[in-house]
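Asks: Sequence and predicted structure are below.
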Amino acid sequence: HIVLEGLLRLSEFDEALALALAFPRNRPIGARDASNADGASLELPCGLQLVVSAISAAATRRQASMGDASAHPLWKSLARVLDAHDAQGSNFALGAAAVRAALRQAP
């Protein structure tokens with residue numbers, strides 16, 4: 001997570017997302033994959049919640065300080081990640097992480 005956190009501090013969200021998606025899960029070697037009845041994995045890629053939280057927090061800060069137009073690209077980026085990776089099977093954990101991060105930044 002050290003490299004991932006460094007990318008997020010630099011607001012390199014696309015690179016951080018690619019890195020998070022490159023590591024499918026954070027689980028012990030030999031552990032079985034949790035899956036639903038269809039066999040689809042219920043586990044999120046390692047670091048994805050961290051990336052979503054950082055994008056949401058940055059968008060909230062930017063919107064508060066510079067207005068909607070400045071934050072729009074970050075919100076669109078967040079929406080794309082949530083559309084692609086958040087699901088009922090993971091209890092919408094990414095969306096919840098994004099909301100928590102935004103609320104922590106709100107004035």
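Replies: Looks like it arrived, so ask away. Residues are numbered from 1 along each chain as shown.
Asks: got the contact list for the residue nearest to the spatial centre of the chain?
Replies: The residue lying closest to the centre of the chain (CA atoms, centre = their mean) is residue 52, at 2.2 Å. Residues near residue 52 by CB atoms under 8 Å, 6 or more residues apart in numbering: 78, 81-82, 94, 97-98, 101. In short, each C-beta sits where N, CA and C put it, glycine included.
Asks: ok, and the most crowded of those?
Replies: Counting neighbours by other CB atoms under 10 Å, the top entry in the contacts of residue 52 is residue 98, with 27 neighbours.
Asks: just checking, that residue touches residue 82?
Replies: Yes. The pair residue 98 / residue 82 is scored as a contact, 6.8 Å apart, by CB atoms under 8 Å.
Asks: rewinding a little: nearest to residue 22, of the contacts of residue 52?
Replies: Closest approach to residue 22 among those (CB to CB): residue 81, at 14.6 Å.
Asks: ok so, going back, please narrow the contacts of residue 52 to those residing in helices.
Replies: 78, 81-82, 94, 97-98, 101 (DSSP state H).
Asks: Reformat those into TSV and put distance to residue 4 and pLDDT next to each item.
Replies: Formatted as TSV, the ones in helices among the contacts of residue 52 follow (distance: CB to CB, whole Å; pLDDT from 0 to 100):
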residue	distance to residue 4	pLDDT
78	17	96
81	14	94
82	18	95
94	15	92
97	14	93
98	17	95
101	15	94
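Asks: What ranges does this protein have for its strands?
Replies: Counting by DSSP state E, the chain has no strands to list.
Asks: Okay, now the unreliable bits of it?
Replies: 24-46 (pLDDT under 70).
Asks: show me where it has helices.
Replies: Using DSSP H, helices in the chain cover 2-9, 13-22, 48-66, 68-85, 93-105.
Asks: Could you name the helices and strands sitting against the second one?
Replies: Okay, so that is helix 13-22. If you count contacts as 3 or more CB pairs under 8 Å, 6 or more residues apart in numbering; DSSP states H and E, helix 13-22 packs onto helix 2-9, helix 48-66, helix 68-85.
Asks: which one of those helices is the most hemmed in?
Replies: For the helices and strands packed on helix 13-22, average neighbour numbers computed from mean count of other CB atoms under 10 Å are highest in helix 48-66, which has a mean of 20.
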